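In: structure, please.
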Amino acid sequence: MDDLKSIIRDVPDFPKKGIIFKDITTLLADAKSFQRMVDLLSHRYIGQKIDKVVGVEARGFIIGAALAYKLGAGVVLVRKPGKLPSETFSKSYALEYGSDTLEIHKDAIKKGEKILLADDVLATGGTMSAVVDMVNVLGGDLVECCFMAELEFLKGRSKLPQGKVFSLLKF
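Out: Numbers count the residues shown, from 1 in each chain. Sure thing, here's the model as predicted:
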């Protein structure tokens, strides 16, 4: 895993001073690394009969779509308000300073479908916690929340269902 971690670029003082941003675009741009990451993540779920992979805006769309393809599953998008064209269910959640809202189509998940949630990086856990709530309200059966990487020092895992979190890379 160190070879994949080494491809992820650190960008100091982004998006604000004092933060070291983990830029995954360098891994996504490297064909062999991207393929290896998707293969490693998808291998964990092969044979689990995942019905849908939910990708969270925006980089989660990339991870989610690639996993869905490998698993023979559908893709569901969770987006910021006003971006989905049909009837939606919204969930607001707290951020460090303020709040945010996400939306999902009301008919995107059917009761009892096996759902895998996918995003690029687990940081504070607030966004994915909101998505877990959305899946539960729609009646989906949460298999796991999976991430390409996790920033362990932010303890985002503590906001998600115990035993239902997997991160390929940990920082």
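
In: got a list of what the residue nearest to the spatial centre of the chain touches?
Out: For the chain, residue 119 is the residue whose C-alpha lies nearest the centre (CA atoms, centre = their mean; 1.7 Å). By CB atoms under 8 Å, 6 or more residues apart in numbering, residue 119 lies in contact with 55, 56, 59, 60, 63, 64, 127, 128, 145, 146, 147, 148. (C-beta placed from N, C-alpha, C; glycine too.)

In: can you classify the fifth one as helix, strand or coil?
Out: Looking back up the chat, that one is residue 63. helix (DSSP: H, G, I helix; E, B strand; the rest coil).

In: how about the first one?
Out: Going by three-state DSSP, the secondary structure assigned to residue 55 is strand.

In: wait, it sits on residue 73?
Out: No. Between residue 55 and residue 73 there is no contact under CB atoms under 8 Å: 11.1 Å.

In: of the two, who's got more company?
Out: A direct count of neighbours by other CB atoms under 10 Å for residue 55 and residue 73 places residue 55 higher, at 27 against 23.

In: what's the spacing between the closest residue to the more buried one other than its chain neighbours and residue 58?
Out: Among residues not flanking residue 55 along the chain, residue 64 sits closest, at 2.5 Å (CB to CB, 6 or more residues apart in numbering). Using CB to CB, to the nearest Å, residue 64 is found at 11 Å from residue 58.

In: compare these two (neighbour count), which wins?
Out: residue 64 (26 against 12).

In: per-residue pLDDT, that one?
Out: Listed pLDDT for residue 64 reads 98.

In: so it is in contact with residue 52, correct?
Out: No. Assessed by CB under 8 Å, residue 64 is found out of contact with residue 52, at 9.3 Å.

In: overlap of the contact sets of the two?
Out: By CB under 8 Å, 6+ apart, the residues touching both residue 64 and residue 52 are 75, 76.

In: how about low-confidence regions in this protein?
Out: In the predicted model of the chain, residues 96 satisfy pLDDT under 70.

In: let me see the ranges of the strands in it.
Out: For the chain, applying DSSP state E gives strands covering 9-12, 20-23, 52-56, 74-78, 88-95, 98-105, 114-122, 141-150, 165-170.

In: export these as a markdown table, with columns for distance to residue 40.
Out: A markdown table is the format used below for those (distance: least, CB to CB, whole Å):
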| stretch | distance to residue 40 |
| --- | --- |
| strand 9-12 | 20 |
| strand 20-23 | 18 |
| strand 52-56 | 15 |
| strand 74-78 | 19 |
| strand 88-95 | 29 |
| strand 98-105 | 27 |
| strand 114-122 | 13 |
| strand 141-150 | 9 |
| strand 165-170 | 6 |
